[in-house]
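Student: everything below, folded, please.
(2 chains)
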Number of protein chains: 2
Amino acid sequence: MGTVNGNYAIGVDLGGTTVKTGLVSQTGELRYQNKFDSKGDAGPEKVIKQIALSVKDAIAHNDSGKIIGIGIGAPGVVDNNGCVKAPPNLLHWDSVPLAKQLQKEFDDVVINVENDANCAAIAESKFGVGRDYPDFLFIIWGTGIGGGIILNRKLYRGPSGGAGEVGHISIDYEGPMCGCGSRGCVEAYIGQKYLSNRTIEKVKTQPSSLILELVRGDYSKIEPMYISQAAEAGDELARSILCEAGTFLGVAVGGVMNTMDLRVSVIGGGVSAAGSLVINAVQDSVRAHVLKPLRDDIRVIQSELGNNAGILGAAGLVL
Amino acid sequence: MGTVNGNYAIGVDLGGTTVKTGLVSQTGELRYQNKFDSKGDAGPEKVIKQIALSVKDAIAHNDSGKIIGIGIGAPGVVDNNGCVKAPPNLLHWDSVPLAKQLQKEFDDVVINVENDANCAAIAESKFGVGRDYPDFLFIIWGTGIGGGIILNRKLYRGPSGGAGEVGHISIDYEGPMCGCGSRGCVEAYIGQKYLSNRTIEKVKTQPSSLILELVRGDYSKIEPMYISQAAEAGDELARSILCEAGTFLGVAVGGVMNTMDLRVSVIGGGVSAAGSLVINAVQDSVRAHVLKPLRDDIRVIQSELGNNAGILGAAGLVL
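Tutor: This is a model prediction of the structure:
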């Protein structure tokens, strides 16, 4: 099972399009990083080959320390045996024992596999703004709304590894249909696609908004990045859309705080990059939706790890 | 700190009106039970005296075994040191170190204090329908909606002991105001008082309902017990009210299942006594509000412990 002392871990961030692998020091320094095509539509065998290539490349760039293990962040549910189930963007992939398969290729090191949002939560806990908080809810706000729960500085996986799916908390039992088949999921309000569609509808009634100017009049190009840019420039509609989105997220987060007795939420992912306007809106909303004893202690904090959270958290699995 | 071997535990169920204490065997047999006035409006000192009286009476009825400890279930938040904070129905009670105070009176036994809903969850896990499930969400559906979370057969208290407040999960961000100051809390739909008020409004438009007959035309007497009776007798309005209430609860429970990767919910408390109609409605609603991988495994189960859950769970703290 490899050496347990040493200087570096390999962190793999597996996605539907790319596999990104890094050489990470014990303090979370990213010493080297690569990016390979993950061949996500070519089936598990091809994907595993690409991971192996990417890992070998990263190991080859290690010139000074020992490799203590390989951590892999994968989409989908990862069971307690490192088996990856139904990842949304990897085709022909029902249930694959990824840890076991890779162990054949790298037989002398520890290999751990974890869900990608859970990896990002670990990254926040070990190397990010979560270092200051033993217990928090991490949220990744991008295409969808994912999450990971850190309790006493450890990942809470739940009985079968599926914990953290806060995007599918319903904030309105009569709300819009979500892709998951349920109604009123917070993701169906503020996931990237849904948020863009909501914005398109609003811009149609307020075409003077800077948002429309930024996409040069092309409604189909409206997406959170432009809403953020318009908001930063002071556009009223954009600001109100982001505040509303933050408020929606806060309703769901408040429910989690009440249930799990948590106070802190760290928010990462593309939409969170919109910054303090949206982060403050989430915080205000969480405060309005938790019981009094929690209220003053509620903190909603923007992630600072950016795109490297996946690699760092994967490395964190074995560090 | 007393003996750790022995046959009995003392379980105390402290409420605003009564303090009920039982002598409980290690298998959860209730050998003796008493009931004292808790003097909840006379301040902590008086309440603690009443608890002591009640405990002494129960100990005096122990003729065969050793007392291994005293467990106390109390309303309000109980911190990690057995300090009871802001219990809703105990007056002049801000924060009282209940464990410490009682230890003066009973200096040779272990004393543990826990929130009452958490105690009931422990009772389900050790002695009730929860025995078959290592992980579940317990809900007590009465005046309010409380809860307790069992993970790997242990109570999940949260970082400061406040976990399980599922009654204040919002199921509609634009919903009715709740007593807690937030909007759309599931308690504001189905807590006893709210449910009764919702029913009164509906009965006004459908006065032929059996509910009105059961309360002899007195709207102010409408409460869940009569709704259940009318539903059992086949009254359509009563049935639809209970189904709707179950559906509301299921929205909140579904969010918890998604977040914590749970599959099972045990429901106790007065309203749950309405039985399979309402329990099935909760289960259907939970299934409709969780992600696919959880759906088939969702189980919503009615508690069978009844009014003794509090005493049994309190005893379970030290068994």
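Student: in chain A, which helix is the longest?
Tutor: helix A:236-260 (DSSP state H).
Student: now do the following helix or strand past that one, average pLDDT.
Tutor: Using DSSP states H and E, the next helix or strand after helix A:236-260 towards the C-terminus is strand A:264-268. The average pLDDT for strand A:264-268 rounds to 97.
Student: which secondary structure elements does the helix or strand just after strand A:264-268 sit against?
Tutor: Using DSSP H and E, the helix or strand that follows strand A:264-268 in sequence is helix A:276-288. Secondary-structure packing of helix A:276-288 (3 or more CB pairs under 8 Å, 6 or more residues apart in numbering or on different chains; DSSP states H and E): helix A:236-260, strand A:264-268, strand A:299-302. The C-beta positions use only the backbone N, C-alpha and C, and glycine is treated the same way.
Student: what helices or strands is the second one leaning on?
Tutor: By that I understand strand A:264-268. Using 3+ CB pairs under 8 Å, 6+ apart: strand A:264-268 touches helix A:116-127, strand A:136-141, helix A:236-260, helix A:276-288, strand A:299-302.
Student: would you format the ones you listed as CSV with mean neighbour count and mean pLDDT included?
Tutor: Below are those laid out as CSV (neighbours: other CB atoms under 10 Å in any protein chain shown; pLDDT from 0 to 100):
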stretch, mean neighbour count, mean pLDDT
helix A:116-127, 28, 97
strand A:136-141, 29, 97
helix A:236-260, 25, 98
helix A:276-288, 21, 97
strand A:299-302, 20, 98
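Student: could you dump these to JSON lines with distance to B:Ala188?
Tutor: Shown next, in JSON lines, are the helices and strands packed on strand A:264-268 (distance: least, CB to CB, whole Å):
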{"stretch": "helix A:116-127", "distance to B:Ala188": "31"}
{"stretch": "strand A:136-141", "distance to B:Ala188": "24"}
{"stretch": "helix A:236-260", "distance to B:Ala188": "13"}
{"stretch": "helix A:276-288", "distance to B:Ala188": "14"}
{"stretch": "strand A:299-302", "distance to B:Ala188": "24"}
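Student: so how far is chain B from A:Lys46?
Tutor: Per CB to the nearest CB, to the nearest Å, A:Lys46 is found 25 Å from chain B.
Student: is it correct that that residue is in contact with A:Asp37?
Tutor: No. Counting by CB atoms under 8 Å, A:Lys46 does not reach A:Asp37; the two are 9.7 Å apart.
Student: in the stretch 51-200 of chain A, what residue comes closest to chain B?
Tutor: A:Gly158 (2.4 Å; CB to the nearest CB).
Student: what's around A:Asp218, how many residues?
Tutor: Neighbourhood size, A:Asp218 [other CB atoms under 10 Å in any protein chain shown]: 9.
Student: again but with A:Lys66, I slipped
Tutor: A:Lys66: 13 surrounding residues under other CB under 10 Å.
Student: and for the one 3 residues further on?
Tutor: Here the number of neighbours of A:Gly69 (other CB under 10 Å) works out to 22.
Student: skip the chain neighbours and tell me the closest residue to it.
Tutor: A:Val318 (3.0 Å; CB to CB, 6 or more residues apart in numbering or on different chains).
Student: name the SS class of that neighbour, please.
Tutor: coil (DSSP: H, G, I helix; E, B strand; the rest coil).
Student: who's in contact with it?
Tutor: A:9, A:68-71, A:110-112 (CB atoms under 8 Å, 6 or more residues apart in numbering or on different chains).
Student: one step back: wait, the residue of the stretch 51-200 of chain A closest to chain B touches B:Arg263, no?
Tutor: No. In this structure A:Gly158 lies outside contact range of B:Arg263 using CB under 8 Å: 9.7 Å.
Student: shared neighbours of these two, which are they?
Tutor: Residues touching both A:Gly158 and B:Arg263 by CB under 8 Å, 6+ apart: B:Asp135.
Student: in stretch A:302-319, what counts as buried?
Tutor: Buried residues in stretch A:302-319, counted by 16 or more other CB atoms under 10 Å in any protein chain shown: A:302-303, A:305, A:308-319.
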